[in-house]
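[1] Structure of the sequence below:
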Amino acid sequence: MIEIQKELKNLEEGKEEFLIDCKIRNLSAGTIKNYDECFGYFIAYINKNFTNFKPKQDMKKQTLDGYINEMKIKGIKDSTINIRIRAIRCVLYYFMRNEYIDNFKISQIKENDEGIELYTDKEIEKLLKKPNMKKCSFAEYRTWVIVNFFIATGVRSRSLRYVKIQDLDFDNELIYIRITKNRKLVIVPMGKAIKKILLEYLRIRKRRTR
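    Below is the predicted model of the structure:
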């Protein structure tokens, strides 16, 4: 029996097939969204610069290099460029495994040391200073609680969004982080300071919802 090799009509068709494969492999929604967005940027570049683009004939290393160069001209940070390259590489390597395009090596660019802008001591002091409870809005107070939670636990913003009241074990002074990057439960110690802040927050929040 002769196997007929499928040929991609366009990159959009290939992207949709790749995303379905990601869902079958049970990748996280955040990972799939990143692939979708980053490869979507690349497709936009192709559509703007090529007419009647055929993946099998036209998808070469030089094609991707042109996109990388455009990102550099636009002033996109090296770290952001590499994030996009990693995502695009995953999609294109999927194409290569399925023989939709010819093989070529895809490497990240060398990043310049852009440095990390740190908060000054005064800025940190301002962030941690409790707002005047008689004058501040609930939103301002809640932001202060969130800042303290980040500092006390070091969790990601996405993880914090999914923390529920039942994940706060005040008796044993533990916080259960259920939504994490690797999907594994993380148990964080609840320090005395954040425990006091959270207990107060829940009391105030409860009064507001009555």
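
[2] quick one, domains of this structure?
    Following automatic domain parsing, one gets these domains for the chain: 11-97, 121-209.

[3] Need the winner for burial among those.
    With neighbours defined as mean count of other C-beta atoms under 10 Å, these peak in mean count at domain 11-97, which reaches a mean of 15. (C-beta placed from N, C-alpha, C; glycine too.)

[4] How far off centre is it?
    16 Å (C-alpha atoms, centre = their mean, to the nearest Å).

[5] and if you look at stretch 191-209?
    Worked out by C-alpha atoms, centre = their mean, stretch 191-209 lies 29 Å from the chain centre.

[6] circling back to that earlier point, confidence-wise, which of the domains of the chain is weakest overall?
    Among the domains of the chain, domain 121-209 has the lowest mean pLDDT, at a mean of 88.

[7] Okay, and the residue most central in space within the chain sits in which element?
    Centroid-nearest residue in the chain, with C-alpha atoms, centre = their mean: G30, separated by 6.1 Å. Following DSSP states H and E, one finds G30 within helix 29-49.

[8] same thing with I20?
    helix 11-24.

[9] and that helix, what other elements does it pack with?
    If you count contacts as 3 or more C-beta pairs under 8 Å, 6 or more residues apart in numbering; DSSP states H and E, helix 11-24 packs onto helix 29-49, helix 78-97.

[10] quick check: angle from the last one to helix 11-24?
    Yep, that's helix 78-97 we're talking about. Counting by axes from the mean of the first three to the mean of the last three C-alpha atoms, to 10 degrees, helix 78-97 points 90 degrees away from the direction of helix 11-24.

[11] what's the answer for the first one, then?
    Taking the same axes, to 10 degrees, helix 29-49 and helix 11-24 form an angle of 170 degrees between their directions.

[12] ok, and what's touching helix 29-49?
    Contact with helix 29-49 is made by 11-12, 15, 18-19, 22-23, 53, 63-64, 66-67, 70, 83-84, 87-88, 90-91, 158, 181, as judged by C-beta atoms under 8 Å, 6 or more residues apart in numbering.

[13] One more: the shortest one?
    The set of residues external to helix 78-97 that reach it, using C-beta under 8 Å, 6+ apart, is 8, 14-15, 18, 21, 34-35, 37-39, 41-42, 55, 59, 64, 68, 71-72, 101-104, 106-112, 114.
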